[in-house]
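# below: sequence and its predicted model.
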Amino acid sequence: MTTLPFPVVTEHTPCAVCGADRWRPYRPRMYAIGDVGFDLARCHACGFVAVVPRPDAPSLLRMYDDPAYYSEGYTLGVETRGYFERQDELLQVYDAEMARLEQETGRPGALFELGAAGGFLLEAARRRGWTVAGVEPSPVAARHARETLGLDVVDGTLDATPLAPASIDVAVADNVLEHTTDPRGVLMRLGTLLRPGGHLVVIVPTYVNSPYFRALLALRRWLPARLLGPRLLRILKLDEDSDGGFPYHISEFDRGTLLRLAHDAGYEVVAVEGSVPLPAHLFAPGATRLTDRLLRAVFRVLDALMRRRLAPPARVRLLARRPGGRR
């Protein structure tokens, strides 16, 4: 393990969803910063899962100063290529996402992205006629968005945005809420930026707070590690020989806790959809090995079941609306 060149301060907090302070062990030493380990715990009252105790806000922000985040931490072991290497591929993915969003919310307007990363979603939106802006805590990624793509992306957290209240039509938080210390407060702040009738898109991973992960945790002592292999063990977050990396995900939602936060923040929920992330390397043309083909089939079946709500999701997409305005 590498000791970081800054002190790590931890803090104990109650549940960010229901306010209770009754935690039960969930996954010990899920993450580590240097020699400081971090456990996952589950709220006894509502089922929310979080890092308890967690790094304080300054310690969390320092983690994103590391340039290696976008080559290692961002992919969490799911992808074989780093984030910036996948620019062309991700622009195509986000173009399809924006096409879908336009069907759901109407014609292009003003879009703001919380956690804009290198700006690929914003660039895809701009090419489709949207006016775009974003905020990103990683200086490396924010600089790429500004200098390489010419986008209006500022460094920092949501408080750093200069946008005026009720000035945007759509806010996007794609795989971001799990990184925040106050998810309800984030949703409420985004609501103040939305015009009446404006829409919010939130996407969160839910695998770690799912029956799949809990079942695998219970079975892992009998699972043949040699059969699964080190890569799959890392993807499934079952590798006991690894400290799991930095605690980038300090919150782990499920469908119920995400819906509760959205309602508490004053949104009208329009749609909720479950799915599973499809690793790009498995679906690339060159992935022809038998194990690749088998895994593709497994992912496709799981994704279809999750979208039809026949299986618990590994990822949830929430589309919500700020009350008021025209429907």
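Yep, that arrived. Residues are numbered from 1 along each chain as shown.

# mind checking pLDDT for the residue nearest to D159 when sequence neighbours are not counted?
Residue nearest to D159 in three dimensions, not counting chain neighbours: R189, with 7.9 Å by C-beta to C-beta, 6 or more residues apart in numbering. Placement of C-beta: from N, CA and C, glycine included. Here the pLDDT value assigned to R189 is 97.

# next one: the one 10 residues further on
Per-residue confidence for H199 comes out at a pLDDT of 98.

# switch to numbering from 43
Got it, first residue is 43 now, which makes that one H241.

# ok, it touching R363?
Yes: if you go by C-beta atoms under 8 Å, H241 and R363 touch, sitting 5.5 Å apart.

# any shared contact partners between these two?
Between them, H241 and R363 share these contacting residues under C-beta atoms under 8 Å, 6 or more residues apart in numbering: V312.

# neighbour count winner among those two?
H241 (24 against 19; other C-beta atoms under 10 Å).

# so which bits of the helix or strand hosting that one are buried?
Under the criterion of DSSP states H and E, H241 resides in strand 236-247. Across strand 236-247, burial judged by 16 or more other C-beta atoms under 10 Å covers 236-237, 239-247.

# try stretch 83-91
By neighbour count on 16+ other C-beta under 10 Å, the buried set for stretch 83-91 is 83-85, 88-91.

# what's the average pLDDT for that stretch?
97.

# output it as CSV, nothing but the C-alphas.
The C-alpha coordinates for stretch 83-91 follow below in CSV (Å, rounded to 0.1, in the frame of the first residue of the first chain):
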residue,chain,number,x,y,z
ALA,A,83,-21.9,-0.5,6.9
ARG,A,84,-25.6,-0.8,6.3
CYS,A,85,-28.3,1.4,7.9
HIS,A,86,-30.4,-0.8,10.2
ALA,A,87,-33.5,1.4,9.5
CYS,A,88,-33.6,2.0,5.8
GLY,A,89,-31.0,-0.3,4.2
PHE,A,90,-28.7,2.4,2.8
VAL,A,91,-25.1,1.4,2.6
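
# got the contact list for the residue nearest to S180 when sequence neighbours are not counted?
Nearest residue to S180 in three dimensions, chain neighbours excluded: Y106, at 4.4 Å (C-beta to C-beta, 6+ apart). Y106 makes contacts with 179-181, as judged by C-beta under 8 Å, 6+ apart.

# ok, V214 next?
Contact analysis of V214 by C-beta under 8 Å, 6+ apart lists 153-156, 163, 242-243.

# so what's the backbone phi/psi at it?
Dihedral angles of V214 (phi, psi; degrees, to the nearest 10) stand at phi -120, psi 130.

# from L156, how far off is it?
Going from V214 to L156 by C-beta to C-beta, to the nearest Å gives 7 Å.

# same deal with V51?
For V51, the distance to L156 - C-beta to C-beta - is 24 Å.

# and those two? Which one has more around it.
Neighbour totals were compared for V51 and L156, and L156 leads with 26 against 12 (other C-beta under 10 Å).
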